[in-house]
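**Q** heads up, no residue letters with this:
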């Protein structure tokens, strides 16, 4: 079985803001495109235009309707991908050593040439973040776009995961969560970032920022007409042509 490193030099990961994610799936599409054209085996699709399409995705967005104890229901969009856990069970269960966690940055990867497609890592992952590619027969997962973030041939602004670069609402952030002074660590501290299912003890590196409380609508007997100031009459008496027209129409 594969051993986890006792420590990593960095803890690269994502911070996802559930308050600003609009569920547009731009991150899903950009992830699919980049990882199909570049690192590792392409992400295949089976019968994509048929009645029962399926395919391999490294990032998915789920939408849930949440009913708070008070106030109106809210629609929460929840992106999910590999969380690059510190104590990653998907790594330790791998029989060939294909799954491993890097010492230099903490990214969890799969060496596809050693993967036998047994699926043990997918069973071990409590987050459902691994998918077996049906065409290639190897396990696929988020790589944090390792082929982008270190690529000096790209402009510096593009050396970030494809999903982060694409997000139109700035709901996804990338950085070193092992550095307490990094932008992502400060954001987590300010907004109360949370682990996904911390009770499992996997110590996920990725964090989620909770939705902010929403403004509550007034009660039925306290309804406020926001258009009222714009509907107030601008004059009490008409003058000139409008005054003549008004009096003429009254006589008809």
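**A** Done, it's in. Bear in mind the structure is a predicted one, so any value in this text is a computation, not a measurement. Residues are numbered from 1 along each chain as shown.
**Q** now the residue nearest the centre of the chain: how far from residue 28?
**A** Centrality entry for the chain: nearest residue to the mean C-alpha point is residue 79, 3.6 Å, by C-alpha atoms, centre = their mean. According to C-beta to C-beta, to the nearest Å, residue 79 stands 8 Å off from residue 28. Placement of C-beta: from N, CA and C, glycine included.
**Q** Quick check: neighbours shared by the two?
**A** Taking C-beta atoms under 8 Å, 6 or more residues apart in numbering as the contact criterion, the residues that touch both residue 79 and residue 28 are 59, 60, 61, 163.
**Q** What subset of these is buried?
**A** The neighbour count (16 or more other C-beta atoms under 10 Å) marks 59, 60, 61, 163 as buried among these.
**Q** For these, give me a markdown table that also has distance to residue 53 and pLDDT.
**A** Shown next, in a markdown table, are those (distance: C-beta to C-beta, whole Å; pLDDT from 0 to 100):
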| residue | distance to residue 53 | pLDDT |
| --- | --- | --- |
| 59 | 17 | 96 |
| 60 | 14 | 96 |
| 61 | 17 | 97 |
| 163 | 22 | 97 |
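**Q** taking these one by one, which sit in helices?
**A** residue 163 (DSSP state H).
**Q** which two from the buried ones among the shared contacts of residue 79 and residue 28 end up farthest apart in space?
**A** Longest distance between any two of these is 11.1 Å, between 60 and 163; criterion C-beta to C-beta.
**Q** Now the common contact residues for these two.
**A** Listed as contacting both residue 60 and residue 163 by C-beta under 8 Å, 6+ apart are 28, 79, 81.
**Q** Number of residues surrounding the first one?
**A** Number of residues near residue 28 (other C-beta atoms under 10 Å) recorded here: 19.
**Q** For it, report the pLDDT, please.
**A** Listed pLDDT for residue 28 reads 97.
**Q** Cross-check it against the secondary structure; I expect a strand.
**A** No - counting by DSSP: H, G, I helix; E, B strand; the rest coil, residue 28 is not found in a strand; it is helix.
**Q** still on that earlier bit, quick one: buried residues of the helix or strand that contains the residue nearest to the centre of the chain?
**A** Assigned by DSSP states H and E, residue 79 belongs to strand 74-80. Judged by neighbour count (16+ other C-beta under 10 Å), strand 74-80 contains these buried residues: 76, 77, 79, 80.
**Q** residues touching residue 56, list them.
**A** By C-beta under 8 Å, 6+ apart, the contact list for residue 56 reads 43, 44, 45, 131, 132, 133, 134, 140.
**Q** In contact with the first one, which residues are there?
**A** When contacts are counted by C-beta under 8 Å, 6+ apart, residue 43 touches 32, 35, 36, 55, 56, 57, 58, 133, 140.
**Q** Alright, that wraps it up for me.
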